[in-house]
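A.B. asks: Need a 3D model of the sequence below.
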Amino acid sequence: AQCAQDIAGLPAGYAKRLLTARLRLAQGRTQEALEEARRLNADTPDDLDAYALIVDAALLLGNAPEAERAAQWMLDLRDRDARSLTRAAAVREHLKDLSGARDLLMAAYQT
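C.D. replies: Take a look at the predicted model:
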């Protein structure tokens, strides 16, 4: 049986790969999660969930520049999506821009 996301036009098996990457992140296998997120992003460069995984994993690994680039792509794709706004807020917080993080979170709450 196909996953609903696969039916919605994403490549076959994409939802399973996304879930696997999320599980790796939850298990503390952060580098593996980041590598899979990068592959997912290469396969489907307009999917916010792959970018979100990149942001989360990159921040955990201390790679703020990669997290910032991925969060900016998310905002560029869908600037009013809560996923984009919350990931951008996490990057701002990591960079000690608490005012910017607060503003992004407030925008997320209004979506």
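A.B. asks: now the helices for this protein?
C.D. replies: Taking DSSP state H, the helices of the chain run over residues 4-7, 14-26, 30-43, 48-60, 64-77, 82-94, 98-109.
A.B. asks: which of these sits most buried?
C.D. replies: For the helices of the chain, the largest average neighbour count (mean count of other CB atoms under 10 Å) is found in helix 48-60, namely a mean of 23. Yep, even glycine has a C-beta here, placed from its N, CA and C like the rest.
A.B. asks: relative to helix 64-77, how tilted is that helix?
C.D. replies: The directions of helix 48-60 and helix 64-77 differ by 160 degrees, with axes from the mean of the first three to the mean of the last three CA atoms, to 10 degrees as the criterion.
A.B. asks: quick one: least confident helix or strand in the chain?
C.D. replies: Using mean pLDDT, DSSP states H and E, the weakest-scoring helix or strand in the chain turns out to be helix 4-7, at a mean of 46.
A.B. asks: And the pLDDT for the most centrally placed residue in the chain?
C.D. replies: Of all residues in the chain, the one closest to the mean position by CA atoms, centre = their mean is Ala52, 0.4 Å from it. pLDDT, Ala52: 98.
A.B. asks: so it touches Arg83, yeah?
C.D. replies: Yes - with contacts counted by CB atoms under 8 Å, Ala52 reaches Arg83, the gap being 5.4 Å.
A.B. asks: anything in contact with each of those two?
C.D. replies: Contact criterion CB atoms under 8 Å, 6 or more residues apart in numbering; residues shared by Ala52 and Arg83: Met74.
A.B. asks: need the contact list for the closest residue to Glu93 other than its chain neighbours.
C.D. replies: Counting by CB to CB, 6 or more residues apart in numbering, Glu93 lies nearest to Ala101, which is 4.1 Å off, once chain neighbours are set aside. Residues counted as contacts of Ala101 (CB under 8 Å, 6+ apart) are Ala89, Ala90, Arg92, Glu93.
A.B. asks: ok, Ala101 to Arg83 distance?
C.D. replies: Distance, Ala101 to Arg83, by CB to CB, to the nearest Å: 15 Å.
A.B. asks: which sections of the chain are below the confidence cut-off?
C.D. replies: Residues of the chain meeting the criterion pLDDT under 70: 1-9.
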